[in-house]
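Q: Structure for the following, please:
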Amino acid sequence: MQIRISWPAGNITATLDASTTTAQALAKALPLASTARTWGEEVYFDTGVSVSRETDARQVVEPGTVAFWTDGDALALPYGPTPISRGEECRLASPCNILGSVDGDAGLLASVRDGDPIRVELIEE
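A: Residues are numbered from 1 along each chain as shown. This next block holds a predicted model:
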């Protein structure tokens, strides 16, 4: 399953594992519009989707991971260190459900500004 995430300065696509309960719940809510928030080198935003934390949720992830922060009903898109990272790792605020990864350069997320309008839509195959 592929999604497109757009903001005023650009857009990226990401591939999600459609077999996860969280990805299925997110897909049902698309398209969605939200407001971007930034936290170090992470972009996150409310989705209006509420799901439980999955058993394989992780707090430290690779740059470009598409994660779902169950504590905030938000998608979390880390592309570098956050304020609680140790060294260069991507450490999320708390364990998150892992949905997939950004296609290509996750560093493009650096152009997202706090407060930017953000849109997520399913790319039909």
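
Q: Break down this protein into its strands, ranges please.
A: 2-7, 10-16, 32-35, 37-38, 42-46, 58-61, 65-69, 74-78, 90-102, 117-123 (DSSP state E).

Q: Could I get the average pLDDT for stretch 109-125?
A: For stretch 109-125, mean pLDDT is 95.

Q: Likewise for stretch 87-101?
A: 97.

Q: Pull out the buried residues from that stretch.
A: 89-93, 95-101 (16 or more other Cβ atoms under 10 Å). C-beta: built from backbone N, CA, C; applies to glycine.

Q: thinking again about what came up before, could I get the strands of the chain as TSV with distance to Thr22?
A: Shown next, in TSV, are the strands of the chain (distance: least, Cβ to Cβ, whole Å):
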stretch	distance to Thr22
strand 2-7	13
strand 10-16	9
strand 32-35	14
strand 37-38	19
strand 42-46	15
strand 58-61	13
strand 65-69	5
strand 74-78	10
strand 90-102	4
strand 117-123	14
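
Q: Among those, which comes closest to Leu108?
A: Of all the strands of the chain, strand 10-16 sits nearest to Leu108, with 5.4 Å by Cβ to Cβ.

Q: just checking, what packs against the closest one?
A: Strand 10-16 sits against strand 2-7, helix 21-29, strand 90-102, with contacts defined as 3 or more Cβ pairs under 8 Å, 6 or more residues apart in numbering; DSSP states H and E.

Q: Quick one: closest of the ones you listed to Glu125.
A: Across the helices and strands packed on strand 10-16, Glu125 has its closest neighbour in strand 2-7 (7.5 Å, Cβ to Cβ).
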